[in-house]
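> Would you be able to build a 3D model of this:
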Amino acid sequence: MKPGPRNLITDVPGLKVGNAQDPRLKSGTTVLTAEDPFVASVHVMGGAPGTRETDLLAPDKSVARIDAIALSGGSAYGLDACSGVVDGLRARGRGFRIADAVIPIVPGAIIFDLLNGGEKGWSENPYRDLGRAAYDAAQVEFGIGTIGAGTGALTAMLKGGLGSASLVLDDGVTVGALVAANPMGAVTTPGDRHFWAAPFEIGDEFGALGSDPASGLGRALESRKMMTMRGQAQDRANTTIAIVATDANLTKSQCQRMAVASHDGIARATVPAHSPGDGDLVFSVSTGAREMAHPERDLTRIGHAAALCLSRAIARAIYLARPEPGDLLPSWSTVNKDGE
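Below is the predicted model:
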């Protein structure tokens, strides 16, 4: 396996991603879409999710394909980003058709970023406009770090962000991940230099620093102690929301299995993960372009690859986050600017 040419989820042919953000708000929205509707499912493992239209993604529900997925800041307010995406799709005549009616199907999920130092005193919910802007900006190339849904993200100790990564399997199947990393847990080991996801890094995609030499259970327990000392566990709600995608031809139920397997990627990159205060969830997407020769075996490999991509995407989100005025927590680059 090796990364695709962009090391982004859009290495899966047919997918596009758009970002929109407001630096004063310290929040934003990210949208994944495609030229054609795609199969999708979801799996939730956090105790405090915020979602829209996710019931439709269960394998027993009748909607077979969707048009876009929105990831947004803003907590419950951010769910209105989906309405902006619906507006954009409707303007292009995209959606589920019933007689003369066209109904764009846009599931979404949010992170909690209301207490990150941004200006939140709006008189009109800004997220519908951010959703439309992100949809209109969707293309193959897109930015990661402090952008889109990751604009105001925080981790236990450092700024969070938007991340992405990809892998091309030996048989040519492509798998990718897109994540807004805003976890209650820590993405770095104590000292904030080494990433928990270091064993899965490819090349220098998040610094090539390797694993923390002072590893072991004690470091994981210390990480939890440090986040408690900063008060993060008590004062903030959090979430890691992600999308994993492949061009392998998966059914809805197979997509759900890919989403389940992908949660390993969150747990390998974040300590702790899936807490009662997190809303951790993973959407899964199949564009259906490639048939699987051995469905059960291939699905296992695809799920494993998706988890690896998600771990790497989380680390890349934090590694590429940049400092901004009014930040409550430092960025990884600020803490490590002297290479110490």
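> rest of the way, CA atoms for contacts and neighbours
Noted.
> And the lowest mean pLDDT element among the helices and strands of the protein?
helix 232-235 (a mean of 49; mean pLDDT, DSSP states H and E).
> so what's Ser83 up against?
The neighbours of Ser83, taking CA atoms under 8 Å, 6 or more residues apart in numbering as the test, are Arg128, Gly131, Arg132.
> How confident is the prediction for it, by pLDDT?
pLDDT, Ser83: 98.
> my guess is it is in a helix, correct?
Yes - assessed with DSSP: H, G, I helix; E, B strand; the rest coil, Ser83 lies in a helix.
> how close does it get to Ala109?
If you measure Ser83 against Ala109 using CA to CA, to the nearest Å, the figure is 12 Å.
> same deal with Trp196?
Distance, Trp196 to Ala109, by CA to CA: 25 Å.
> So between these two, which is more surrounded?
Between Trp196 and Ala109, counted using other CA atoms under 10 Å, the more crowded position is Ala109 (30 against 25).
> show me the contacts for the nearest residue to the more buried one once chain neighbours are set aside.
Using CA to CA, 6 or more residues apart in numbering and skipping the chain neighbours, the partner closest in space to Ala109 is Thr51 (4.3 Å). Contacts of Thr51 were listed using CA under 8 Å, 6+ apart, and they are Leu79, Pro107, Gly108, Ala109, Ile110.
> Ala68 is in contact with the second one, correct?
Right, the one you point to is Pro107. Yes - contact criterion CA atoms under 8 Å: Pro107 and Ala68 qualify, at 7.1 Å.
> Asn238: how many residues sit nearby?
The number of residues packed near Asn238 is 32, by other CA under 10 Å.
> from what I can see it touches Gly279, true?
Yes - using CA under 8 Å, Asn238 is in contact with Gly279, at 6.5 Å.
> Identify the contacts common to these two.
Ile111.
> picking up where we left off before, please report the distance of the residue nearest to Ala109 from Gly145.
23 Å.
> need the strands for this structure, in chain order.
Along the chain, the stretches classed as strands by DSSP state E are 15-22, 27-44, 51-52, 66-72, 96-98, 101-103, 108-110, 161-168, 174-182, 239-248, 281-290.
> Can you tell me which residue is spatially central in this structure?
Among the residues of the chain, the one closest to the centroid is Val179, at 1.6 Å (CA atoms, centre = their mean).
> you'd agree it is up against Ser262?
No - assessed by CA under 8 Å, Val179 is found out of contact with Ser262, at 11.5 Å.
> if I look at these two, which residues touch both of them?
Common neighbours of Val179 and Ser262 are listed as Leu310 (criterion: CA under 8 Å, 6+ apart).
> and the lengthiest helix in the chain, what other elements does it pack with?
For the chain, the helix reaching the highest residue count under DSSP state H is reported as helix 295-319. Applying 3 or more CA pairs under 8 Å, 6 or more residues apart in numbering; DSSP states H and E, we find helix 295-319 packed against strand 161-168, strand 174-182, strand 239-248, helix 252-269, helix 332-335.
> do you know which of those lies nearest Met292?
Proximity to Met292 (CA to CA) singles out strand 239-248 among these, at 6.4 Å.
> Can you name every helix or strand that the closest one contacts?
Using 3+ CA pairs under 8 Å, 6+ apart, the elements in contact with strand 239-248 are strand 108-110, strand 174-182, helix 252-269, strand 281-290, helix 295-319.
> Tell me which residues of the longest one come out buried.
Buried residues in helix 295-319, defined by neighbour count with 16 or more other CA atoms under 10 Å: 299, 302-319.
> now the fourth one
When neighbours are counted by 16+ other CA under 10 Å, the buried residues of strand 281-290 are found to be Leu281, Val282, Phe283, Ser284, Val285, Ser286, Thr287.
> any chance of those in TSV, plus pLDDT and distance to Gly93?
Shown next, in TSV, are the buried residues of strand 281-290 (pLDDT from 0 to 100; distance: CA to CA, whole Å):
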residue	pLDDT	distance to Gly93
Leu281	97	29
Val282	98	28
Phe283	98	24
Ser284	98	24
Val285	98	22
Ser286	97	22
Thr287	97	20
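> Now those residues in CSV, please, with extra columns for distance to Ala99.
Below are these laid out as CSV (distance: CA to CA, whole Å):
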residue, distance to Ala99
Leu281, 34
Val282, 33
Phe283, 29
Ser284, 29
Val285, 27
Ser286, 27
Thr287, 25
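> Go through these and name the one nearest Pro5.
Thr287 (18.4 Å).
> Enumerate every residue touching the closest one.
Going by CA under 8 Å, 6+ apart, Thr287 touches Gly14, Pro37, Phe38, Val39, Ala245, Thr246, Asp247, Ala248, Asn249.
> before we move on, what about Tyr77?
Shown in contact with Tyr77 (CA under 8 Å, 6+ apart): Asn125, Tyr127.
> roughly how far apart are it and Phe206?
For Tyr77, the distance to Phe206 equals 32 Å [CA to CA].
> ditto for Arg128
Arg128 is 33 Å from Phe206, by CA to CA.
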